[in-house]
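In: just a sequence and a predicted model for now, questions to come.
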Amino acid sequence: MTVTTETKKYELGHHPDMAPPLTTTGLIGWLRTNLFSSYMNSVLTIFVLYLLYLYIPPLIEWLFIDAIWSGGSREACEVDGAGACWAFINSRFSQFMYGFYPKDLLWRPNTAGLLLIALMVPLFLKSFNYKWVLGGFILIIYPFIAFYLIHGGSFGLETVETNKWGGLMLTLILSGVGIVASLPIGIVLALGRRSEMPIVKSLSVVYIEFWRGVPLITVLFMSSVMLPLFLPDGSDFDKLLRAMIGIIMFQSAYMAEVVRGGLQAIPKGQYEAASALGLSYWKSMGFIVLPQALKLVIPGIVNTFIALFKDTTLVLIIGLFDLLAIIQQANSDSAWLGFDTEGYVFAASVFWVFCFSMSRYSIALEAKLHTGHKR
Amino acid sequence: MKKLTSTFLLTSILAVAANSVSADTLDSVKSKGYVQCGVSTGLPGFSNADASGNWKGLDVDVCRAVAAAALGDADKVKYTPLTAKERFTALQSGEIDILSRNTTWTLTRDGSLGLNFAGVNYYDGQGFMVSKDLGVKSALELDGAAVCIQAGTTTELNLADYFRENGMKYKSVTYDTSDATIKGFEAGRCDMLSSDQSQLYSLRIKLKNPEGAIVLPEVISKEPLGPVVRQGDDKWFNIVKWSLMAMVNAEELGINSGNVSSMKNSDNPSIGRFMTGQGEKLGVRDDWAYNITKQVGNYGESFERNVGMSSPLKISRGLNALWSKGGLQYAPPIR
């Protein structure tokens, strides 16, 4: 018996496309190319999978399955085999958000926050035409409204002193004010450093190098410990304000260097072209150079903002209760001793959410402003 | 450079101490209507805020007692949380009226900072905590032990002194924070943990099994903690001092917040003097001691409520018992 294999004849160049081999497509293909492409990689993959198997299930059990979600004191969490004690976070949640802000006045910071969100929404709408006006309003007028709402003191609102502010609210206020104030100051300093006027230039250089040369912790410490000694008696200079000024001074020096990086990346021809058009210094900077330079350094700017956001936790060394400090102080309540881990996990996740959103927003912004510089 | 800096610092502090807030603290407290009190940023049992934001603790009770004496209302206190480094500046610069923040009374602080210590509200001292399984009764049995301590504190020096004095050897395992220290102890990195006794008890609660560890009886250092006021205002100094003493006297006389009203008309002359405690000599209301006892309680009540057996810390009275019960708390008579 002869084996007959059927062979089809195709005309030259008319062979139909065949499906790719199974091992190079779909899930298997992806696994083969990414996880098991060599012996070494296979061993590493299996090892990592083993590690995940060891650590992920207990972590999930601790975080969710065995966790205790409600209870009035540490006794609720002292059950055998209990996981994370979220009851601790639960019982203190409003303190973590607002610090010692009076409970019946919480509508005030809430209104300030909601107002900000409401004002921000149109900025993300493409069809909205008055973005400059609204942006200016948010940056210049809104801070006063927010301060009035949160601090009170006139028009019939009860004063809530800054030492009652705390928690996430304080973290957001510190970083928000720091971000909003340090960018313009930083831009001015960066322009000053590249200026040809010797006094402006040297003042900018001295300022930048001085503030970059000292650690933030020293700045905060000076503002809270040394400054009151030099001020005349009875001039009670608000501690939060002192810290805020310190943070702005410090951060604007960093911002200046980031912006300067962008300015240096703009080809000389752009400056010359702007002058050739007869534009004044401020016009050429405002219309030609800065829009390009700032776009280039968006990653650097956002990086500085994220660093600032996290640096605000340093205010805990001067006794201001930001998110981290208020969690630490809650940990020292003798009714809730021993749940530091839960506190820190909570703080870390809040910080992560904020920093990650900032980073995603910056990516979106870069994509939107991308006009042919991408390599 | 270091010398220069410290000279600069000292001069500035002295300059401030000299022209310092010489105004009458009592008058300013009365006119603003509250006592501004410096407390810690959170120390279990001594000063920390509860879930609704109210400050509680042994140190906080001193502030409340002063407010009760000066203003007749223990709730008229505003708290300024301070870190260890800020505390003296805050007092010197007049930001606070009284510092009640587990501050150890030492000669240097009393003599050179322009401050006065108004008494001792807690006698602390460095002690040891060991695992119960070790079966140790005294620190002297621990030759060659590994000790968990927090780095850079006087704890380290006291420990070295103690072991050298007794001709014993030890191996120190240092950590940056007290939380890391207790985690190290729990993980068995050391045989014992050394820290101030008040802290040992709050660290012990953080163990998975607090019953498995015991605090040894040895106390190897003196850490008298007390409220501090600015130098140069003796009237205010007296009020703070006697507020504290009134609490101790009340315990001694058997007066507490529960029975103080019924004892107001007692025949006992000492109690009578306590109730109308000659406030004019201190410049406060006549019923100042009554107000303190009624609103804050006597020293024993405050101790039990904040750090003693009815609190989670369960610290025994020890040195802080009344002198008549073998402790050190002794107050001159109110007469």
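Out: Yes, it's here.
In: low-confidence stretches in chain B?
Out: The model of chain B has pLDDT under 70 over residues B:1-23, B:152, B:277.
In: residue of it with the smallest distance to chain A?
Out: Using C-beta to the nearest C-beta, B:G42 is the residue of chain B that sits closest to chain A, at 3.5 Å. Heads up, the C-betas are built off the backbone N, CA and C, glycines and all.
In: for B:E252, see how far away the closest residue to B:E218 other than its chain neighbours is.
Out: Counting by C-beta to C-beta, 6 or more residues apart in numbering or on different chains, B:E218 lies nearest to B:A139, which is 4.4 Å off, once chain neighbours are set aside. Between B:A139 and B:E252 the computed distance is 33 Å (C-beta to C-beta, to the nearest Å).
In: cool, and A:L229?
Out: Taken as C-beta to C-beta, the span from A:L229 to B:E252 is 41 Å.
In: flag every residue of the stretch 251-375 of chain A that's near chain B.
Out: When proximity is defined by C-beta under 8 Å from any C-beta of the partner chain, the stretch 251-375 of chain A lies next to chain B at A:316-319, A:321, A:325, A:328-335, A:337-338, A:340.
In: hey, where'd the helices end up in the stretch 51-200 of chain B?
Out: Assigned by DSSP state H, counting those that start in this stretch, the stretch 51-200 of chain B shows helices spanning B:58-71, B:87-92, B:107-112, B:154-165, B:178-186, B:197-205.
In: so who does B:G327 touch?
Out: Applying C-beta atoms under 8 Å, 6 or more residues apart in numbering or on different chains to B:G327 gives the contacts B:123, B:317-321.
In: wait, a strand at it?
Out: No - counting by DSSP: H, G, I helix; E, B strand; the rest coil, B:G327 is not found in a strand; it is coil.
In: domain-wise, how is chain A divided?
Out: Using automatic domain parsing, the domain parsing of chain A gives A:23-65, A:86-101+A:160-369.
In: repeat for chain B
Out: B:24-123+B:224-320, B:126-215.
In: and the last one, how far apart are its ends?
Out: Read that as domain B:126-215. 11 Å (C-alpha to C-alpha, to the nearest Å).
In: pLDDT below threshold where in the stretch 1-150 of chain A?
Out: Short version for the stretch 1-150 of chain A, where the test is pLDDT under 70: A:1-8.
In: 90 - rerun?
Out: In the predicted model, the stretch 1-150 of chain A carries pLDDT under 90 at residues A:1-37, A:62-85, A:87-88, A:90-92, A:100-107, A:117, A:119-141, A:143-145, A:147-150.
In: name the element A:N41 belongs to?
Out: helix A:39-60 (DSSP states H and E).
In: quick one: that helix to chain centroid distance?
Out: Taking C-alpha atoms, centre = their mean, to the nearest Å, one finds helix A:39-60 lying 31 Å from the centre of the chain it belongs to.
In: repeat that for stretch B:128-142.
Out: That offset, for stretch B:128-142, works out to 27 Å (C-alpha atoms, centre = their mean).
In: over to stretch A:305-313?
Out: Worked out by C-alpha atoms, centre = their mean, stretch A:305-313 lies 7 Å from the chain centre.
In: got it, and stretch B:51-64?
Out: 12 Å.
In: ignoring the adjacent residues along the chain, who's closest to residue 290?
Out: Unless you meant another one, I'm taking chain A. Nearest to A:L290 is A:I187, by C-beta to C-beta, 6+ apart, at 7.0 Å.
In: wait, chain B
Out: B:M275 is the one closest to B:Y290 (C-beta to C-beta, 6+ apart), at 5.3 Å.
In: could you do B:K294 as well?
Out: Closest to B:K294 by C-beta to C-beta, 6+ apart is B:V260, at 5.1 Å.
In: now swap in A:A181 and tell me
Out: A:A181 sits nearest to A:I248 (C-beta to C-beta, 6+ apart), 4.6 Å away.
In: with B:R101 instead?
Out: B:S40 (4.8 Å).
In: next up, the contacts around that neighbour.
Out: Applying C-beta under 8 Å, 6+ apart, the residues near B:S40 are B:46-48, B:59, B:81-82, B:101-102.
In: counting by contacts, list what the helix or strand A:I145 falls within packs against.
Out: Element membership of A:I145, judged by DSSP H and E, is helix A:142-151. Counting contacts by 3 or more C-beta pairs under 8 Å, 6 or more residues apart in numbering or on different chains; DSSP states H and E, helix A:142-151 packs against helix A:107-120, helix A:167-193.
In: and the last one, average pLDDT?
Out: Right, helix A:167-193. Across helix A:167-193, the average pLDDT comes to 93.
In: quick check: next helix or strand after that helix?
Out: Past helix A:167-193, the next helix or strand by DSSP H and E is helix A:198-213.
In: spell out which parts of chain B neighbour chain A.
Out: B:12-13, B:16, B:19-21, B:41-45, B:48-53, B:78, B:80-83, B:85-86, B:89-90, B:92-95, B:179, B:202, B:205-207, B:306-307, B:311-313.
In: what subset of the residues you listed is buried?
Out: B:13, B:16, B:20-21, B:41-45, B:48-51, B:53, B:78, B:80-83, B:86, B:89-90, B:92-95, B:179, B:202, B:205-207, B:306-307, B:311-313 (16 or more other C-beta atoms under 10 Å in any protein chain shown).
In: sweet, I'm off.
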